[in-house]
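Trainee: can you look at this prediction? I've put the sequence above it.
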Protein chains: 2
Amino acid sequence: MNTSLSGFIKEKRKQLKLTQPELAERTGVGLRFLRELEQGKQSVRVDKVNQVLALFGCELGVNKKIEV
Amino acid sequence: MNTSLSGFIKEKRKQLKLTQPELAERTGVGLRFLRELEQGKQSVRVDKVNQVLALFGCELGVNKKIEV
DNA sequence: CATATTTGTACCCTTTAGGGTATAAATATA
DNA sequence: TATATTTATACCCTAAAGGGTACAAATATG
């Protein structure tokens, strides 16, 4: 999920034809945070990520690790 | 997952017969952090949570929200 | 029961996440 | 290609995450 979380959000955002500022505003997170999130930053807060994912009807959950 | 993340970790830890200090040391996170995590704190960092989940072969990922 | 072990809560302290914002780089559009 | 739009990077600043630790509450064990 290292790459997939950021990829997932970027992809979903584009599906909704939203810009980063628009998605940030709709989800109530800061623009800088959203950009770092889409950029793959790992040290982000779970609650903030969920705040964004909620717009897509998703949330963070525990998954089996798909080890190499 | 609000309750399930903390519950999952606490449950997995007990399965391995580990105390909080032991799990904290094994996963390399702080004891205070692990305790807050098991206590259901939401504003925790994704990378730190994954650090713990890795011991159980798991990680955080995007899931469909199981809304009420 | 008494006692040992474990867990939860409460501090202090340092680092940093995240909000805001400006600007450069990249991309899209006319 | 020139121009407008979007995105990435870089700053400042404040609130708070997380490490350490001490102790009370709860739980387990003799």
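Mentor: Perfect, thanks for sending it.
Trainee: and the residue most central in space within chain A, how far from B:K10?
Mentor: By CA atoms, centre = their mean, chain A has its centre lying nearest to A:I9, at 4.2 Å. To B:K10, A:I9 is 29 Å away according to CB to CB, to the nearest Å. In this view, the C-beta of every residue, glycine as well, is placed from N, C-alpha and C.
Trainee: same deal with A:F33?
Mentor: Distance of A:F33 to B:K10, given as CB to CB: 29 Å.
Trainee: same check, this time on A:F8
Mentor: From A:F8 across to B:K10, the span is 28 Å (CB to CB).
Trainee: do the same with A:L53
Mentor: In terms of CB to CB, A:L53 sits 24 Å off from B:K10.
Trainee: the two: which is more packed in?
Mentor: A:L53 (21 against 17; other CB atoms under 10 Å in any protein chain shown).
Trainee: got the contact list for the more buried one?
Mentor: Neighbouring residues of A:L53 by CB atoms under 8 Å, 6 or more residues apart in numbering or on different chains: A:I9, A:E59, A:L60, B:V62, B:K65.
Trainee: what about 10 Å?
Mentor: Contact partners of A:L53, counting by CB atoms under 10 Å, 6 or more residues apart in numbering or on different chains, are A:L5, A:F8, A:I9, A:K12, A:T27, A:E59, A:L60, B:V62, B:N63, B:K64, B:K65.
Trainee: hang on, it in a helix?
Mentor: Yes. Judged by DSSP: H, G, I helix; E, B strand; the rest coil, A:L53 forms part of a helix.
Trainee: buried ones in stretch A:49-59?
Mentor: By 16 or more other CB atoms under 10 Å in any protein chain shown, the buried positions in stretch A:49-59 come out as A:V49, A:N50, A:Q51, A:V52, A:L53, A:L55, A:F56, A:C58, A:E59.
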